[in-house]
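1. what follows is a predicted protein model with its sequence.
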Amino acid sequence: MGSTTEDWLAAHPRVMLFWLPTYCPRANPIERAFGDVHDCCTRNHQRNRLPDLVADLEDRLHLNGPWKYKLSDLYDEPAVTTAVEKIAAEERAKVAA
């Protein structure tokens, strides 16, 4: 059972690991989509029927899904990449120890 996450990712090249800050909703496309849906569809409980709510949610996600969000160029800076790789290496070393 010596399989690791890295082994699994290596065996599944179509899956890409995507690092996000621990908590930063503006940088997390899923959080942005859910926040948008809440602000525009579920806040104030204005829908009286479940089918209406579901239709509004589907329309909103289709219009403004997480795929439209682009990370800031900051995430592509070499210094940021180096820092994230260093943190990941430190965490792997802790687990291995």
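-> That came through, no problem.

2. state the pLDDT value of the residue nearest the centre of the chain.
-> In the chain, the residue lying closest to the centroid (Cα atoms, centre = their mean) is Asn28, at 4.4 Å. Asn28 is assigned 71 on the pLDDT scale.

3. same thing with Lys86?
-> 91.

4. does Leu74 touch Ala83 like I think?
-> No - Leu74 is beyond contact range of Ala83, at 11.2 Å (criterion: Cβ atoms under 8 Å). Using the backbone N, CA and C atoms, a C-beta is placed for each residue, glycine as well.

5. mind listing what's buried along stretch 47-56?
-> Using 16 or more other Cβ atoms under 10 Å as the test for burial, stretch 47-56 gives Asp56.

6. for the chain, which segments count as strands?
-> For the chain, applying DSSP state E gives no strands.

7. helices along that one, start to end?
-> Taking DSSP state H as the test, the helices found in the chain are 5-11, 29-37, 50-63, 78-96.

8. quick one: mean pLDDT over the shortest one.
-> Looking back up the chat, that one is helix 5-11. Per-residue scores along helix 5-11 average to 86.

9. contacts for it next, please.
-> Val15, Leu17 (Cβ atoms under 8 Å, 6 or more residues apart in numbering).

10. of the helices of the chain, which stretch is the most buried?
-> helix 29-37 (a mean of 16; mean count of other Cβ atoms under 10 Å).

11. elements contacting that one?
-> Using 3 or more Cβ pairs under 8 Å, 6 or more residues apart in numbering; DSSP states H and E, the elements in contact with helix 29-37 are helix 50-63.
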